[in-house]
Structures are given as C-alpha cells and as structure tokens.
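In: how would this look folded up:
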Amino acid sequence: MKAKIGLRHNLLKSSGLRKTENIHNSSQLFLVRLWPDDEGGMEWRGKVQHVTSGEADDFCGLPMLLSNLQAMLPQIESAKAQDAPSE
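Out: All right, here's what the predicted structure looks like:
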C-alpha cells in the first residue's frame, strides 16, 4: 500500500499537480501495464493506453510515462472540444 501511495505522490509531484486542485472535472481513464526491464535493472518498461480512444504508447521509465500522458491529454481534450455541440 505504501508503494501505491508513493507512486501517486511522485506522479502528482512530477506533473505539477497538487492534491487540492480539482482534476476530476475532465478526468480521463488510462490503462498502464508495467513490467521489469529484461536486463534486471531497476528500470520499468510499459505501455499506456487511453481507454476511450485506444491510443497507446510504449515507455521506459517514469519520466517517459509522464511525457506520453502529457502528450495524449491535449489531443483528447481537443477531440472532446470538436465533438461538443456548438451554441
């Protein structure tokens, strides 16, 4: 349980978000798969996929995961804005 909380804290800290910010208004659902690097190091590899759109990217390490997520979010928000009914 401590590892889960630590990972959440690190993700929030790395992304610049604070716990007090309301991030639920436009929440997105991602599937993240992790596996250890074949070379037995401390590095993790994985795949992140946006559940609704199916967009997916591979990554190696937490910085690359965060970069991939940040790259996916503007595209998702842009697509939502285009789909919204005009006034």
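
In: pairing partners for residue 58 in the sheet, please.
Out: On the basis of DSSP bridges, residue 58 is bridged to residue 47.

In: and residue 68, how close does it get to residue 85?
Out: 30 Å (Cβ to Cβ, to the nearest Å). To be clear about C-beta, it is placed using only N, CA and C from the backbone, and glycine gets the same treatment.

In: which residue of those two possesses the greater neighbour count?
Out: Set side by side, residue 68 and residue 85 show more neighbours around residue 68, with 20 against 4, by other Cβ atoms under 10 Å.

In: show me what the helix or strand hosting the more buried one is packed against.
Out: Using DSSP states H and E, residue 68 sits in helix 62-83. Secondary-structure packing of helix 62-83 (3 or more Cβ pairs under 8 Å, 6 or more residues apart in numbering; DSSP states H and E): helix 2-15, strand 30-36, strand 44-50, strand 56-60.

In: next, the buried residues of the third one.
Out: Put plainly, it is strand 44-50. 45, 46, 48, 49, 50 (16 or more other Cβ atoms under 10 Å).

In: out of those, which comes closest to residue 33?
Out: residue 46 (5.3 Å; Cβ to Cβ).

In: got a list of what the closest one touches?
Out: Residue 46 makes contact with 32, 33, 34, 35, 58, 59, 60, 65, according to Cβ atoms under 8 Å, 6 or more residues apart in numbering.
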